[in-house]
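A.B. asks: Any chance you could fold what I've pasted below:
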Amino acid sequence: MTSQRISSGVALVVGSCISLQMGAAVAVQLFPTLGSWGVTTLRLGVAGLVVIILSLATRAKPWTWSGRTWLAVAVLGASLAGMNGFFFAAIERIPLSVAVAVEFTGPLVLAAVLSRRARDLVWVGCAALGMVLLGVESWLAADSLDVTGVIFAAVAGVFWALYILANAKVGSTVPGVGGLGVAMLIGGLMLLPVGAPGAMQLGAHPELVWFVLTVVLFSSVVPYSLELSALRRLPAPVFSVLLSLEPAVAAVAGWILLDQTFGWLRVVVLLLVIAASVGTTRTAATVKNEIITDPAPQPGQSSSVESGARRDVSLASR
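C.D. replies: As a prediction, the model looks like this:
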């Protein structure tokens, strides 16, 4: 693997993180008119149609999927709906950097639980300490954090964990991006009961169409494409460690694009979450190395490290 290939992979991941947060910052501008759930419905629905069209060009055939495959895709769609819907509802109420930090605890806990290694509890504790400090910062600040917004971010984190599991299942059974496209469309349809009233406001405000397309482009199409290319250039552990920088990118994006300032305590919180993410990822990489060097089990036996690693899940981006 050449250094040029690695450098280009790093640039692609950084570009994905920046694109995601730019899309979120633009989405915030639409909330007063379309509502967070309306924006989420439009984002998933339009992005799903775009990805489905692209997948059909590569001869994807959803009509040939089995019932189990459709069930897996439906679960992925539900996780996308919950993850994106509650995240957008969160950033409507709390700063972008706080929402990302709280949401990040979902996949962190999932990775620690699935690895079943005691050292991962240290990283979970690190993230938990960050959440405690976040509460302290809110208590000390003149304007405390909106509790509902924090809860929404935490719920988004739970759906993010579900998304990781469901995406792994769909990715192993459906070639290409067809499964993701159909899942996005399903997620958009699931959100119609809560998102349709806001989404319909787009008809009365056609000037916002370009902003909606910008959200779709920067929040879904561009980052997913960049990450797909990055994964072809970088080892999975390196890819996951780079994604750990997302809370920091969110803080910078919120500061530059939304004028969301933060103090030193917020910086400590972000560093703790990033450290927990990097630590969890490095532990996952260590487990995989142990599998390679672990003596082969005798017939009829299985390696406990191997069985644990089969359940290992690294952090994935939205």
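A.B. asks: other SSEs contacting the host helix or strand of Phe31?
C.D. replies: Counting by DSSP states H and E, the element that carries Phe31 is helix 3-34. Of the remaining helices and strands, those touching helix 3-34 by 3 or more CB pairs under 8 Å, 6 or more residues apart in numbering; DSSP states H and E are helix 36-57, helix 67-91, helix 96-115, helix 192-199, helix 209-216, helix 222-231, helix 236-243, helix 246-258. In short, each C-beta sits where N, CA and C put it, glycine included.
A.B. asks: Tell me which of these is the most buried.
C.D. replies: Of all the helices and strands packed on helix 3-34, helix 96-115 has the most neighbours on average by mean count of other CB atoms under 10 Å, namely a mean of 25.
A.B. asks: quick one: secondary structure of Pro175?
C.D. replies: In three-state terms, and counting by DSSP: H, G, I helix; E, B strand; the rest coil, Pro175 is coil.
A.B. asks: for it, phi and psi?
C.D. replies: phi -70, psi 150 (degrees, to the nearest 10).
A.B. asks: quick check: mean pLDDT across the helix holding Phe31?
C.D. replies: Along helix 3-34, the predicted confidence averages to a pLDDT of 85.
A.B. asks: Quick one: closest of the helices and strands packed on helix 3-34 to Trp123.
C.D. replies: Using CB to CB as the criterion, the shortest distance between Trp123 and those is 6.2 Å, found for helix 96-115.
A.B. asks: So which elements touch the closest one?
C.D. replies: Under the contact criterion of 3+ CB pairs under 8 Å, 6+ apart, helix 96-115 touches helix 3-34, helix 67-91, helix 119-140, helix 147-173, helix 246-258, helix 264-293.
A.B. asks: weakest of the helices and strands packed on helix 3-34 by average pLDDT?
C.D. replies: Within the helices and strands packed on helix 3-34, the stretch with the lowest mean pLDDT is helix 236-243, showing a mean of 64.
A.B. asks: circling back to that earlier point, buried residues in the helix holding Phe31?
C.D. replies: Along helix 3-34, these residues count as buried under the neighbour rule (16 or more other CB atoms under 10 Å): 9-10, 12-13, 15-31, 34.
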